[in-house]
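Novice: fold the following, please.
(4 chains)
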There are 4 protein chains.
Amino acid sequence: MPEVRTIGVLTSGGDAPGMNAAIRAVVRTGIYYGFRVMGIRRGYNGLIEGDIFEMNLRSVSDIIQRGGTILLTARSPEFMTENGLKKAASMCKIFKIDALVVIGGDGSFRGARDLSKFGINVVGIPGTIDNDIACTDYTIGFDTALNTVQDAINKIRDTATSHERVSILEVMGRHAGYIALYSGIAGGAESIVIPEKGLDKDEIIRRIIDGKNKGKLHNLIILAEGIGGATELAKEIEEATGIETRATILGYIQRGGSPTAYDRVVASLMGAKAVEVIKEGKQNRIIAMKDGKIVDYDIDEALSMQKTIDEYMYNLATILSL
Amino acid sequence: MPEVRTIGVLTSGGDAPGMNAAIRAVVRTGIYYGFRVMGIRRGYNGLIEGDIFEMNLRSVSDIIQRGGTILLTARSPEFMTENGLKKAASMCKIFKIDALVVIGGDGSFRGARDLSKFGINVVGIPGTIDNDIACTDYTIGFDTALNTVQDAINKIRDTATSHERVSILEVMGRHAGYIALYSGIAGGAESIVIPEKGLDKDEIIRRIIDGKNKGKLHNLIILAEGIGGATELAKEIEEATGIETRATILGYIQRGGSPTAYDRVVASLMGAKAVEVIKEGKQNRIIAMKDGKIVDYDIDEALSMQKTIDEYMYNLATILSL
Amino acid sequence: MPEVRTIGVLTSGGDAPGMNAAIRAVVRTGIYYGFRVMGIRRGYNGLIEGDIFEMNLRSVSDIIQRGGTILLTARSPEFMTENGLKKAASMCKIFKIDALVVIGGDGSFRGARDLSKFGINVVGIPGTIDNDIACTDYTIGFDTALNTVQDAINKIRDTATSHERVSILEVMGRHAGYIALYSGIAGGAESIVIPEKGLDKDEIIRRIIDGKNKGKLHNLIILAEGIGGATELAKEIEEATGIETRATILGYIQRGGSPTAYDRVVASLMGAKAVEVIKEGKQNRIIAMKDGKIVDYDIDEALSMQKTIDEYMYNLATILSL
Amino acid sequence: MPEVRTIGVLTSGGDAPGMNAAIRAVVRTGIYYGFRVMGIRRGYNGLIEGDIFEMNLRSVSDIIQRGGTILLTARSPEFMTENGLKKAASMCKIFKIDALVVIGGDGSFRGARDLSKFGINVVGIPGTIDNDIACTDYTIGFDTALNTVQDAINKIRDTATSHERVSILEVMGRHAGYIALYSGIAGGAESIVIPEKGLDKDEIIRRIIDGKNKGKLHNLIILAEGIGGATELAKEIEEATGIETRATILGYIQRGGSPTAYDRVVASLMGAKAVEVIKEGKQNRIIAMKDGKIVDYDIDEALSMQKTIDEYMYNLATILSL
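Specialist: A predicted model of the protein is given here:
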C-alpha cells in the first residue's frame, strides 16, 4: 500500500462541542508526524465541491475553547448517491488526499465506508452529543451537553420549587436516551423517560403524588426527544394530579457551548489517535473509547455493533430519587 | 398613626432571581432597626391561610446566592375577592403585622393597594424578570434573565454558525419587549421582534438575505413571547430564503439561576430601602430605581404610571448588527 | 472647525471585558454615519509606530462576546514624552485621523488630553474593571469583574463552610475599593476592607468570634489589593481566634471572561455615544454614565472630578451580614 | 460474620465537589436496601466525639448540586493515635454502626484501615480533587476542579493575549500533577510543569521565544503546586525573555463549585456501590474506577498500589501546543 502523505479532515452531520479540539489534534499531530493536512469545509458537500484548503499549526490556534466547528458542517444528500461518492473520491485524488478523517456520527461513518470502496483510507472520530454510536463508550460532545442540561435543570428547579410545580424537561436524543438518563441522574430527576424503555404515565403520576406526600416541593421529569410530547404530557399530569405542571423543550442550546475539560481531553486524544492509526498504516478504522481507553476498530465491524442502555443505571436513577 | 412594630414579608406572582437577596435585606435590616419580621409563605395564599412564621438573622443565612424564593410564591385568585382581602387583613391583625413588604410585579402591587384599604401599611419591591413595571427603571431578576438569555444565544450561535443557519430564539415578555431588546443588543442579534413594535416579516427576511450577501455565517432573530409563533416563523423564513431556520423557545430556564451580582446588590438596596421607608413612617409606597438611585413612590401614583420602550436603543440595535 | 472624516480607535492601559463591544459600537456606528474608521493596535504604542489599519463592518463580527481587546493594549512610556506625543500626532495626520476614540482609564484619558493639544479631537470611553474614574458612575468591565469575584466567593464558601474556616479573598483595586465593596455585598461577606476606610483588625476578629458564637459555619473577608497582605492577615487571625484561616489572591482572572449582558449593553451605548459626540462637532469629551444615563463631559472638567466611596453602601454591608 | 444493619457515613480530609452526591447515594441506596444510615459530622473528629445523627431520605434532598460536604470535614490528629482509634471504635458500637463508609483521600483510607482492626467494616470512596489515589483511575471532584481551572485559563488568556504576555498559573497538586496535566491539555497550555517530571526552565524559555517567533500572542505555563514558585519563575522569565510575565496562584477556588455532571454521576455510582459491597457481605473495601467501570478492592491491596503519570499524555500535551 502506498504511504499516506496527505490527510484530509472534515466534520459532518450535527455539530458537537469538542469537534474543534479534535480538528486541532488532527492538524497538530498530523503536521508533527510529517503529514500535510487539508481542511475540508461543510462536510461531504465541501469534499464534492472542492472546498478544501491546506492547514498549518496556526490554523487551529485559539479554537480549543470554541463550540461548533471551524470547518462548518452540513448534511449532504448528494454524497449518498453513487455519483456523489465518485465526485468526492475524485476530489480526494485532485487534492492528493490519501487518508480522510471524518468527525461525526453513525451516518457520517457509513458515508466514509462507502467512500473507502474508492480507495480512500478513512478514519472516523465519534463526534455527537447523543453518545449513540455503538462501538464506543463515549462520543465527543456528550459531556458538554450533559452539563448544559444540568444547568437548565438547576434553573428550572429554582422556579419550580418556588411555585411547587411539576416540571418536564425535553432533551435531545431521538433514538437513544443517554442524555436523558445521565442528566436525569446528575440532576436528581424523579422520572426519566427514554425511547429504550417507553413512557409509563401511571408510574410518573404515582411518583408525583408519592413525592408530594413525602414533602417534595418539586418533581422533575426528564423526557427524551424520541418520546416527545412534553406539552401534552404536562396537561395530562396537571389534570390527573391537580398540580401545576410546566414543560420546557430545551432544543438547540444543547449542541452549543464551550466544550468541557473532559470533551477537550477526549477529543484531543481521539484526534491524535486518528493520525497515529494512519501513521501505522492501518486502513478504514473508527476511533473509540472502550473500557476507559482510546482504541480503534475496523469500520465494518464498528458499524455492525449494537448499543443498549445500561439497565443498572436506569434502575439506580429511581433509587437515588426516592 | 401607631408605630410599626412588626413587618411581614412575602413574595408573590412569578419568581425572579434576587428575591432571596431582597428577603434577606428586609429581614436583617428590619431586625437591625428593632422590628420583628414575619415570613409569609406562598404569597397572598399563605397570608390568608396564616402560613406565617417569625424570622431571625439565621433564617436568611446562605440564601443570597440562590434562585427562586425561600418564601415560595403563588397566584391567589381568592385574594382578589373582597372576602379574601378581609381574611388577609384579619390575619395581619392576628399576627400583629403592621406593615407588609410585598416582593413581586404589578399585579401583586395592585393586591397590596387593595389590602392597604384595610389599614395595613404596604410597601412593594419590584421583583420580576420582565422589567415591565412602569414606576421603576429596573426590576429585580432582569439582569440575571438577560445573562441566561445571553448564554443561550452563545450556545445557539455556535451550532447555527457551524450549519450556516438562521436561528429564532423566543424569550419571555408577554406585553413588554425588554428582555428581547436588551438581550438582542447584548447578543448581537440581527433582528429583534417585540410587542411594542410588532412583526415585520419582510424586513426580517430582507436582513437575512442582506447578511448572507455580506458573508455572515449566521443570522439571529430574538422574538418576544408576546409576538410568539417562533416555529411558524422559522418555516416561513426557510421557504422564503431557502436557508435552514431553527426555532428555540427558551421557556422557564429564564426565571431561574443564581442571581447576578447586579441583582443581588439592587435587591439588597431595595430590601433595605423598604424597611427604611417603614421606619420613617411613610405609608403605602413602592420602591423603585430612578435615574440610578433607589427611591420610593406613593403606591397609587406608581400604579398609574406608563412605561414605553426606548426608541433610541431599539434603533441602535439595528445599527450595531449591520 | 474642519469636519471630521476619519475616526481612530484604540484601547489603552489594563484591558477590561466589554472593550470589544465598545470597539464594535464605534466601528459600526461610525461607518453607519459615514465615517472612515481606523483601528490602532497596542494603544498609544501602535499610534506612535503607525500600527494602524482600516476597519469595516466585518472587522468586528463575532467579537461582542469576547473578553480582552482585539486591538490589543499596552502601556506606553514613550507616549508620556513630548517627543512621543509629537510622533503620535504626526501619525494621526499621516493616517488622516481627525478624531481619536480612546477606550481606557484615567491615565489613558490624561494621555488623550495631552494629545488634544496637537489638534486631535479626542473622546474617551471609560473602560476598566476598577470603576475608579471620577466623572462616571460606571466603567466598562466592572460588572463582569464583580460576577467573576462572586463566582470565586461561591467556590470558596463551599470549601470554607465544609471546613468551618475563615476565608480571606484579595480582589483587585489598588486605590479604590469598588470591586471589594460591591462583591462583598453581593457575596454576603462578613467584613470588607478597602483603601478608603483602612484595616481594623480588631473589628474583623470581633466579627469572626461573634459569627462563630451565632452559629455561622464560615466567615468571609473581602480585602482590596490596595490594603493587601492577605496571607499575613490570615496568620494573625488564626493566632488570635484559633480558627483555621486561608487566603486567596484572585489575581488576573478578574480582568478576563466573556462580558456580562450589562457590560455589553453599556459598552455598546458608550461606543455609539462617542461617535455621536464627534458627529455633533463636540471637541475633547469623556463619555460617562451619570444618574443612569449616558452623557459626555469636557475632558478637563472630567479629569478634575473626585470620586468617593458610598458611605451608605459601606454601612449597609455590615448590617446585611449580621 | 454478623449481618450489617447500620451504616455510618463520613467525609474526611480536604473536601471535593461531588462528595454530597456520594453521601446522597449512600443514604438513599442504603435505606432502599433496608439499612439504617447514620451521618457523622466533621470526619473522624465527629466519630470520636459522637457527633452522629440518623439520616432519612429527606436529609439528602436538594444537595446533589452543592459543592463542599453537608457532613463537614476536618483533619483529626487525635484519630491517628491508638486512643483516638479506640474511642472511635467504641462510638461505632454505641451507635451500633457495623459498617462505615469513608469518603476522602489516601490518608482517610489509612485511618479507615486502622479502624477496621477494631472490628468495624470499612468501605472507602475516593473523594479528592487531586486524582492522586493509586487504586482508582478517577477520584470524585477531579472533573469539577479541571473545569474550574479551565475557566480560569480562559479568563487569563483573554487578558494575557490583549497584553501579549506570558502567564503562569499555579494549580493544586502537591505530589501529583494530574490537575496540571489534564487542565494544561484542555486549556492548550504551552508548558506543563509537574512534580513527576520536574522543572526545566531553559525548555520553558525556549518555547516562549519559539512561540513568539511563530506569532503566538500569548504563552501559558501551568505549574503544579508541588513545584511551586510561580512568582519567582515569572521574574526569571521576564528577565530572560524581556516579555512581561504574570503569575496567578489559583488556590482554594479549585476545591469548590457545583459538581459537574460527570462528578455527580460517578459519585452516585460509587456511593451506591459502597452500599452494595456491604450488602454482599464484603469486608474492608475501597471503591474505585478501573477501565471505565466501578469496582472494589481490598483495602490493604488498594493502599499498596502505586500510581504514575501517563507519559503518553505528557508528551501529547507538547505536540498539541505546537
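Novice: how far does the helix or strand harbouring A:Asp114 sit from the chain's center?
Specialist: A:Asp114 is located in helix A:106-116, with elements delineated by DSSP states H and E. In terms of CA atoms, centre = their mean, to the nearest Å, the centre of helix A:106-116 is set 16 Å apart from its chain centre.
Novice: moving C-terminal of it, what's the next helix or strand?
Specialist: Downstream of helix A:106-116 (by DSSP H and E), the next one is strand A:121-126.
Novice: anything in that following strand near chain B?
Specialist: No - with CB under 8 Å from any CB of the partner chain as the criterion, chain B is not reached by strand A:121-126; the gap is at least 15.9 Å. No exception for glycine: its C-beta is placed from N, CA and C like everyone else's.
Novice: against which helices or strands is the following helix or strand past that strand packed?
Specialist: Beyond strand A:121-126 on the C-terminal side, the first helix or strand identified by DSSP H and E is helix A:142-163. In terms of contacts (3 or more CB pairs under 8 Å, 6 or more residues apart in numbering or on different chains; DSSP states H and E), helix A:142-163 is packed against strand A:166-171, helix A:178-187, strand A:219-224, strand A:245-249, helix A:261-279, helix D:261-279.
Novice: average pLDDT for helix A:142-163?
Specialist: Helix A:142-163 shows an average pLDDT of 97 in the prediction.
Novice: check stretch A:61-72 too.
Specialist: Stretch A:61-72 carries an average pLDDT of 96.
Novice: nearest to chain D: which residue in the stretch 1-150 of chain A?
Specialist: A:Leu146 (3.9 Å; CB to the nearest CB).
Novice: run a quick neighbour tally on that residue.
Specialist: Residues lying near A:Leu146 (other CB atoms under 10 Å in any protein chain shown) number 30.
Novice: sorry, back to before: near chain B at all, the helix holding A:Asp114?
Specialist: No - taking CB under 8 Å from any CB as the criterion, helix A:106-116 and chain B are apart, separated by no less than 14.0 Å.
Novice: up against chain D, what does the stretch 201-322 of chain A have?
Specialist: Counting by CB under 8 Å from any CB, the residues of the stretch 201-322 of chain A near chain D are A:214-216, A:258, A:260-262, A:264-265, A:268-269, A:272, A:289-293, A:313, A:316, A:319-322.
Novice: among these, name the buried ones.
Specialist: Neighbour-count burial (16 or more other CB atoms under 10 Å in any protein chain shown) applied to these gives A:216, A:258, A:260-262, A:264-265, A:268-269, A:272, A:289, A:313, A:316, A:319-322.
Novice: so who does the nearest residue to A:Ala99 once chain neighbours are set aside touch?
Specialist: Once flanking residues are discounted, A:Ala99 sits nearest to A:Asn121: 4.1 Å by CB to CB, 6 or more residues apart in numbering or on different chains. A:Asn121 makes contacts with A:Val4, A:Asp98, A:Ala99, A:Leu100, A:Ile278, A:Gln283, A:Asn284, as judged by CB atoms under 8 Å, 6 or more residues apart in numbering or on different chains.
Novice: what helix or strand does A:Ile103 sit in?
Specialist: Assigned by DSSP H and E, A:Ile103 falls in strand A:99-104.
Novice: show me the residue at the heart of chain A, geometrically.
Specialist: A:Thr128 (1.7 Å; CA atoms, centre = their mean).
Novice: that one touches A:Gly105, doesn't it?
Specialist: Yes - at 4.0 Å, A:Thr128 and A:Gly105 qualify as touching, with contact defined as CB atoms under 8 Å.
Novice: who touches both of the two?
Specialist: Contacts common to A:Thr128 and A:Gly105, judged by CB under 8 Å, 6+ apart, are A:Gly13, A:Gly14, A:Thr139.
Novice: which residue of chain A sits farthest from its center?
Specialist: In chain A, the residue most distant from the centre (CA atoms, centre = their mean) is A:Asn213, at 38.6 Å.
Novice: what about the residue nearest to the centre of chain A, distance to A:Gly13?
Specialist: 7 Å (CB to CB, to the nearest Å).
Novice: what is the burial count for A:Gly50?
Specialist: 14.
Novice: what about it, distance to chain C?
Specialist: 24 Å (CB to the nearest CB, to the nearest Å).
Novice: what's the nearest residue to that residue if we skip its chain neighbours?
Specialist: Nearest to A:Gly50 is A:Met91, by CB to CB, 6+ apart, at 5.2 Å.
Novice: now that neighbour, what's its secondary structure?
Specialist: Secondary structure, DSSP: H, G, I helix; E, B strand; the rest coil: A:Met91 is helix.
Novice: list the contacts of A:Leu169.
Specialist: A:Val149, A:Ala152, A:Ile153, A:Ile156, A:Leu220, A:Ile221, A:Ile222, A:Leu223, A:Ala230, A:Ala247, A:Thr248, A:Leu250.
Novice: what's the local residue count around the last one?
Specialist: A:Leu250 is surrounded by 27 other residues when neighbours are defined as other CB under 10 Å.
Novice: phi and psi next, for it.
Specialist: Taking degrees, to the nearest 10, you get phi -70, psi -40 for the backbone angles of A:Leu250.
Novice: need the pLDDT of it.
Specialist: For A:Leu250, the predicted pLDDT is 96.
Novice: so it touches A:Met172, yeah?
Specialist: Yes - applying CB under 8 Å, one finds A:Leu250 in contact with A:Met172, separated by 7.3 Å.
Novice: any idea how far D:Gly187 is from the residue of chain A found nearest chain C?
Specialist: Going by CB to the nearest CB, chain C is nearest to A:Ser258 of chain A, at 9.1 Å. The gap separating A:Ser258 from D:Gly187 is 11 Å, by CB to CB.
Novice: what do those two both touch?
Specialist: In contact with both A:Ser258 and D:Gly187: A:Gln65, D:Asn154, using CB under 8 Å, 6+ apart.
Novice: number of nearby residues for A:Pro195?
Specialist: A:Pro195: 18 neighbours (other CB under 10 Å).
Novice: element containing the closest residue to A:Arg285 other than its chain neighbours?
Specialist: Leaving out its chain neighbours, the residue that sits closest to A:Arg285 by CB to CB, 6+ apart is A:Asp296, at 4.2 Å. Following DSSP H and E, one finds A:Asp296 within strand A:293-298.
Novice: walk me through which strands that strand pairs with, and which way each runs.
Specialist: strand A:285-290 (antiparallel) (DSSP bridges).
Novice: now the strand it pairs with, how far from the centre of its chain.
Specialist: Worked out by CA atoms, centre = their mean, strand A:285-290 lies 14 Å from the chain centre.
Novice: just stretch A:67-80 next, same as before
Specialist: 14 Å.
Novice: list the buried residues of it.
Specialist: Buried residues in stretch A:67-80 (16+ other CB under 10 Å): A:Gly67, A:Gly68, A:Thr69, A:Ile70, A:Leu71, A:Leu72, A:Thr73, A:Ala74, A:Arg75, A:Ser76, A:Phe79.
Novice: just to check, the first one is in contact with A:Ile129?
Specialist: No - contact criterion CB under 8 Å: A:Gly67 and A:Ile129 do not qualify, at 10.7 Å.
Novice: quickly list the domain ranges of chain A.
Specialist: A:6-141+A:259-304, A:143-255 (automatic domain parsing).
Novice: CSV for the shared contacts of A:Thr128 and A:Gly105, including distance to chain B, pLDDT and neighbour count?
Specialist: Formatted as CSV, those follow (distance: CB to the nearest CB, whole Å; pLDDT from 0 to 100; neighbours: other CB atoms under 10 Å in any protein chain shown):
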residue, distance to chain B, pLDDT, neighbour count
A:Gly13, 10, 94, 22
A:Gly14, 8, 95, 23
A:Thr139, 16, 98, 28
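Novice: among the residues you listed, which one lies nearest to C:Ala25?
Specialist: Closest approach to C:Ala25 among those (CB to CB): A:Gly14, at 34.1 Å.
Novice: that closest one touches A:Ile140, doesn't it?
Specialist: No - A:Gly14 is beyond contact range of A:Ile140, at 11.7 Å (criterion: CB under 8 Å).
Novice: shared neighbours of these two, which are they?
Specialist: A:Thr128.
Novice: how near is the residue lying closest to A:Ala112 once chain neighbours are set aside to A:Ile253?
Specialist: For A:Ala112, ignoring the flanking residues on the chain, the nearest one in space by CB to CB, 6+ apart is A:Val122 at 4.0 Å. Shown here: A:Val122 relative to A:Ile253, a distance of 32 Å by CB to CB.
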